[in-house]
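**Q** How does the following fold in three dimensions:
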Amino acid sequence: MKVKLKYFAVYQDILGCASQTVDAEGKITVRKIFDQVMKDVKLKEQYFKSTLFAVNLNFVSPESIIKEGDEVAFIPPVAGG
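**A** Numbering: from 1, shown residues only. Predicted coordinates for the structure are as follows:
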């Protein structure tokens, strides 16, 4: 199945793009997609702990199941003033 991923802030820098479409098979969670995309990132677990996830514009837990055509967003903490 195809899943669209959207990246914000630091994720755009780490992954080199603002979005991409990935193939996923079977029953897959937000966490599994995160692990797949971030597999080569040294500080993956630190990023994971501080990231919010959204599926189709709704905040979800990392254990949420993704379906065909869903849009998953990785939203890191943002500071500013």
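
**Q** Between its first and last residues, how far does stretch 34-50 reach?
**A** This stretch, stretch 34-50, spans 13 Å end to end (Cα to Cα, to the nearest Å).

**Q** likewise stretch 2-15?
**A** Terminal residues of stretch 2-15 lie 18 Å apart, using Cα to Cα.

**Q** Please apply the same query to stretch 30-47.
**A** Using Cα to Cα, first and last residues of stretch 30-47 are 14 Å apart.

**Q** How far away from the center of its chain is that stretch?
**A** Using Cα atoms, centre = their mean, to the nearest Å, the mean C-alpha position of stretch 30-47 is found 8 Å from that of the whole chain.

**Q** now stretch 23-42
**A** Chain-centre distance of stretch 23-42: 8 Å, with Cα atoms, centre = their mean.

**Q** tell me the mean pLDDT for that stretch?
**A** Average pLDDT, stretch 23-42: 94.

**Q** ok, now stretch 65-81?
**A** Here the average pLDDT along stretch 65-81 is 87.

**Q** which residues sit against it?
**A** By Cβ atoms under 8 Å, 6 or more residues apart in numbering, the list of residues contacting stretch 65-81 from outside reads 1-11, 24, 27-30, 33-34, 47, 50-57. The way it works is simple: take the backbone N, C-alpha and C, and place the C-beta from them, glycine included.

**Q** Out of those, which sit inside strands?
**A** Of the positions in the contacts of stretch 65-81, 2-7, 28-29, 52-55 sit in strands, assigned by DSSP state E.

**Q** Now the buried members of those.
**A** Among the ones in strands among the contacts of stretch 65-81, those classed as buried by 16 or more other Cβ atoms under 10 Å are 3, 5-7, 28-29, 53-55.

**Q** I'd like those as a markdown table, with distance to G69 appended.
**A** Formatted as a markdown table, these follow (distance: Cβ to Cβ, whole Å):
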| residue | distance to G69 |
| --- | --- |
| V3 | 8 |
| L5 | 12 |
| K6 | 14 |
| Y7 | 18 |
| I28 | 13 |
| T29 | 16 |
| F53 | 17 |
| A54 | 15 |
| V55 | 11 |
